[in-house]
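Q: Predicted model, plus sequence, below.
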Amino acid sequence: MIHLQLHLLVLLYATTAIFGHLITLSAPALVVWRTAFAAVGGAALVVFILRRRLMPPPGTIPMLLGIGCLAGLHWMCFFGAIKLANISICLAGLATSTFFTAFTEPLLEKRPVRPLEVGLGVLVVCGIVLVAGFERGRLAGLLVALLSALLAAVFPVLNRRLVRGHGMSPQVMVVWEMIGACAVCLLLLPFFDGIGGYLRMFDWNGLDFLWILILALACTVFAHAFHIHLLRHLSAYTSNLAVNFEPVYGILAAALLFGEHRQLHPGFYLGTLTILAANLLHPLGLRWMARRKPAA
């Protein structure tokens, strides 16, 4: 059941890229509004519906704000990659988070690196090389997506340590992390959009407000809190490996809604299938290792 819940969450995450494509604001402005709405919506949920205190345990606020900064930078890169390339390239690049997590989780949790995870991570990198080799015109977008993946390999590990070590409410964690994410994006906005970026934040077009509201409440407040809840029972590596199915859902949606499949070389799909193979081999490898352990 826990793995089914995880994949339903990944399906929800996949809609994030669709909204990022639909929203006309720049990537930094989009993340500012997303995190601001999420912080306000999350606070209202905690105070008025859950009837809990917004204050986390003493000494954890700097950690939560710091994790939020990492999440904000991750989203800026994520949406920036969509603007520079397209949904499919962005999601394929994001799948390398498995490779990065194979090293960041052992480093941050002080445990040995697992050869299986490194091997599967290398397989993911091979898939990315295939994608990059056939989609050279969108290399800038792919590189930004890779940076997004590196950041995505760090903050779930830190969240897992916090939720396990302090037993904090995931909803309260989301509020403080969104404050940190909003702050860092506001601070960096002029470096990406110029001083006038603060004014262009209000250049709403069409249904931008509605899309950002859904993005903030459903894909951020609910999804982020639920992800933290699942990390009580799953490793960050297992979580990120499942999130690698996000490209499949997102690429299919992009093909159906925007016809992106017409823009992509067949080699792109070979690379994406290689990434999927790593996802399928992971549980099989774990079962094989579990069967061998008692006999050792």
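A: Here it is on my side, so go on. Numbers count the residues shown, from 1 in each chain.

Q: In contact with I212: list those residues for me.
A: F19, I23, L25, L30, W33, R34, F37 (C-beta atoms under 8 Å, 6 or more residues apart in numbering). Using the backbone N, CA and C atoms, a C-beta is placed for each residue, glycine as well.

Q: ok, the last one to I214 distance?
A: In this case it means F37. F37 sits 10 Å away from I214 when distances are taken as C-beta to C-beta, to the nearest Å.

Q: Equivalent analysis for the first one, please.
A: To I214, F19 is 7 Å away according to C-beta to C-beta.

Q: returning to that earlier point: who wins for most neighbours among the contacts of I212?
A: Ranked by neighbour count under the definition other C-beta atoms under 10 Å, the contacts of I212 are headed by R34 with 30 neighbours.

Q: now what about the helix or strand hosting that one, what contacts it?
A: With elements taken from DSSP states H and E, the one containing R34 is helix 27-44. Helix 27-44 is touched from outside by 20, 23, 25, 54, 68, 72, 75-76, 78-80, 82-83, 171, 174-175, 178-179, 181-182, 185-186, 188-189, 192-193, 197, 200-201, 212-213, 215-217, 220-221, 224-225, with contacts defined as C-beta under 8 Å, 6+ apart.

Q: Sitting in helices, which of those do you find?
A: Applying DSSP state H to the contacts of helix 27-44, the entries found in helices are 20, 68, 72, 75-76, 78-80, 82-83, 171, 174-175, 178-179, 181-182, 185-186, 188-189, 192-193, 197, 200, 212-213, 215-216, 224-225.

Q: how about TSV for the contacts of I212, with pLDDT and distance to P156 added?
A: Shown next, in TSV, are the contacts of I212 (pLDDT from 0 to 100; distance: C-beta to C-beta, whole Å):
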residue	pLDDT	distance to P156
F19	93	21
I23	94	24
L25	93	26
L30	94	22
W33	96	23
R34	94	18
F37	96	22
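
Q: possible to save these as JSON lines with distance to I89?
A: As requested, those are arranged in JSON lines below (distance: C-beta to C-beta, whole Å):
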{"residue": "F19", "distance to I89": "17"}
{"residue": "I23", "distance to I89": "18"}
{"residue": "L25", "distance to I89": "20"}
{"residue": "L30", "distance to I89": "18"}
{"residue": "W33", "distance to I89": "24"}
{"residue": "R34", "distance to I89": "21"}
{"residue": "F37", "distance to I89": "27"}
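
Q: which of the residues you listed lies closest to V131?
A: Among the contacts of I212, F19 lies closest to V131 (C-beta to C-beta), at 22.7 Å.

Q: chain center to the top helix by length along the chain, what's the gap?
A: When the chain is scanned for its longest helix (criterion: DSSP H), the result is helix 266-295. When C-alpha coordinates are averaged (C-alpha atoms, centre = their mean, to the nearest Å), helix 266-295 and its chain have centres 21 Å apart.

Q: now swap in stretch 214-227 and tell me
A: Between the mean C-alpha location of stretch 214-227 and the chain-wide mean there is a distance of 11 Å, by C-alpha atoms, centre = their mean.

Q: which residues touch it?
A: By C-beta under 8 Å, 6+ apart, the list of residues contacting stretch 214-227 from outside reads 5, 9, 12-13, 15-16, 19-20, 23, 33-38, 41-42, 45, 71, 156, 159, 170-171, 173-174, 177-178, 239.

Q: before we move on, what about stretch 105-125?
A: The set of residues external to stretch 105-125 that reach it, using C-beta under 8 Å, 6+ apart, is 95-96, 98-103, 153-154, 157-158, 161, 235-237, 241, 244, 274-275, 277-278, 281-282, 285-286, 289.

Q: mind redoing it with 6 Å?
A: When contacts are defined by C-beta atoms under 6 Å, 6 or more residues apart in numbering, stretch 105-125 is touched by residues A95, T96, T98, F99, A102, V157, A236, Y237, I275, A278, H282, G285.
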